[in-house]
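Visitor: My questions concern the predicted model and sequence given below.
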Amino acid sequence: MPAPVTLRIAIGDYPHTLPLKRGEIVSDWLTLDFVEVKPMHTAFKPMVRQHAYDASEMALVTYFQARDWTKGLTLLPAAMLARFQHHTMLYNTARGALMPKDLPGKRIGVRSWSQTTGAWLRGILANDYGVDFSTVQWVTFEDGHVAEAGDPPGVTRGAGDMTKMLIGGELDAAIYGAAMPDDARLRSVIPNPEQAAQDWYARHKLVPVNHMVVVTDEFKRARPDAVAELYRLLEAARRTVPPRADGMDLAPFGKDANRACLELLMGYAAQQKLVRRPTAFEEMW
């Protein structure tokens with residue numbers, strides 16, 4: 001049996017991670033020291049910049065940029081969070097209707113330029129709805145997690161609350177993530193977003209993945225056996241979740257299961273200049 005080791009890990013609470021957190025699935029020699037971070041995205045910056053954990057959940061665009069700038073992280077093919085994105089751009093109906101074709105020339109807010117939800121949504125709007133974002137005025141509110149990967153030229157920094165700016169007319173639309181504002185005045189820029197997402201799924205046969213798991217290269221070099229054991233435990237926990245009746249996989253595991261998603265998102269990232277050069281799928285690991 002390998003020498004016992006403890007691995008500090010920060011991952012969220014999902015149906016396929018709770019069996020590990022509750023101690024229902026364990027290893028004889030690898031102890032997982034769970035660090036609780038809420039909201040989850042606040043773990044990504046310290047992981048990139050200080051390697052605050054041995055392993056953590058991480059947004060995919062953050063990982064792409066960390067790979068681009070050689071931040072010493074390695075991706076595991078273990079999805080933590082996947083969701084459709086069509087509903088995440090909102091506008092204020094009190095100020096008149098707004099549809100994808102109306103977006104050129106508008107001011108659009110997003111928490112961070114590198115936010116993975118924003119990358120997915122911009123890619124969908126550009127490639128499926130023909131939106132030319134070169135004429136959009138982007139407004140961000142936070143730096144990205146990878147310091148060297150700054151905002152592209154023309155992106156401005158907003159001061160204040162994004163939702164208040166949207167309601168007050170300082171922004172024409174805004175992209176949100178998991179925390180969607182509860183305001184009856186706000187509506188999706190993409191009409192009928194649920195049906196649009198189903199149609200998108202029918203074409204692509206995937207649910208957009210936002211977060212996967214990374215490990216530091218230091219830990220990988222020191223204990224490659226523990227990295228393999230971590231993946232085994234994650235996969236065992238994933239198997240406790242029964243398949244969905246609709247066939248959608250909200251936590252795909254394995255390289256093959258994630259290839260189409262990662263290649264599509266990397267294409268969007270290159271298109272949006274989120275990375276200096278696209279990384280081939282075989283190089284992502």
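Guide: Alright, I've got the coordinates.
Visitor: What segments of the stretch 51-200 of the chain are helices?
Guide: Ranges of helices in the stretch 51-200 of the chain, per DSSP state H, counting those that start in this stretch, are 60-68, 116-128, 162-168, 193-204.
Visitor: Put the alpha carbons of the first one into PDB.
Guide: Translated: helix 60-68. What follows is helix 60-68 as a C-alpha-only set of coordinates in PDB (Å, rounded to 0.1, in the frame of the first residue of the first chain):
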ATOM      1  CA  LEU A  60     -12.400  26.200 -17.400                       C
ATOM      2  CA  VAL A  61     -11.500  29.600 -18.800                       C
ATOM      3  CA  THR A  62      -9.400  30.200 -15.700                       C
ATOM      4  CA  TYR A  63      -7.600  26.900 -16.400                       C
ATOM      5  CA  PHE A  64      -7.100  27.800 -20.000                       C
ATOM      6  CA  GLN A  65      -5.500  31.000 -19.000                       C
ATOM      7  CA  ALA A  66      -3.400  29.400 -16.300                       C
ATOM      8  CA  ARG A  67      -2.200  26.900 -18.800                       C
ATOM      9  CA  ASP A  68      -1.500  29.800 -21.300                       C
END
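Visitor: Quick check: mean pLDDT of it?
Guide: Averaged across helix 60-68, pLDDT comes to 98.
Visitor: same thing with the last one?
Guide: With pLDDT averaged residue by residue, helix 193-204 scores 97.
Visitor: From the rest of the structure, what touches that helix?
Guide: The contact list for helix 193-204, computed with Cβ atoms under 8 Å, 6 or more residues apart in numbering, reads 84-87, 124, 128, 190, 207, 248, 260, 264. Yep, even glycine has a C-beta here, placed from its N, CA and C like the rest.
Visitor: ditto for the third one
Guide: When contacts are defined by Cβ under 8 Å, 6+ apart, helix 162-168 is touched by residues 90-92, 94, 109, 111, 139, 141, 158, 171, 173-174, 181, 183, 185-186.
Visitor: From those residues, pick the one nearest R8.
Guide: Nearest to R8, judged by Cβ to Cβ, of the contacts of helix 162-168 is R111 at 26.4 Å.
Visitor: and that closest one, how far is that from V139?
Guide: According to Cβ to Cβ, to the nearest Å, R111 and V139 sit 10 Å apart.
Visitor: looking at this, A43 is in a strand?
Guide: No - under DSSP: H, G, I helix; E, B strand; the rest coil, A43 sits outside any strand and is assigned helix.
Visitor: Helix, strand or coil: sort out the closest residue to it other than its chain neighbours for me.
Guide: The shortest distance from A43 to any non-neighbouring residue, by Cβ to Cβ, 6 or more residues apart in numbering, is to V37 (4.0 Å). What three-state DSSP gives for V37 is coil.
Visitor: ok, now how distant is V37 from V146?
Guide: 18 Å.
Visitor: Okay, domains of the chain per the record?
Guide: According to automatic domain parsing, the chain comprises the domains 5-83+207-283, 89-204.
Visitor: got the end-to-end distance for the longest one?
Guide: Right, domain 5-83+207-283. With Cα to Cα, to the nearest Å applied, domain 5-83+207-283 spans 28 Å between its terminal residues.
Visitor: sorry, back to before: would you confirm that the residue nearest to A43 contacts A10?
Guide: Yes - contact between V37 and A10 holds when scored by Cβ atoms under 8 Å: they sit 4.9 Å apart.
Visitor: Could you pull out the residues contacting both of the two?
Guide: When contacts are counted by Cβ under 8 Å, 6+ apart, V37 and A10 are jointly contacted by A43.
Visitor: Neighbour count: those two, which is higher?
Guide: Set V37 next to A10 and count neighbours by other Cβ atoms under 10 Å: A10 wins out with 23 against 19.
Visitor: just how off-centre is the strand ranked longest in the chain within its chain?
Guide: Across the chain, the longest stretch assigned as strand under DSSP state E is strand 73-82. Relative to the chain's own centre, strand 73-82 is displaced by 10 Å; criterion: Cα atoms, centre = their mean, to the nearest Å.
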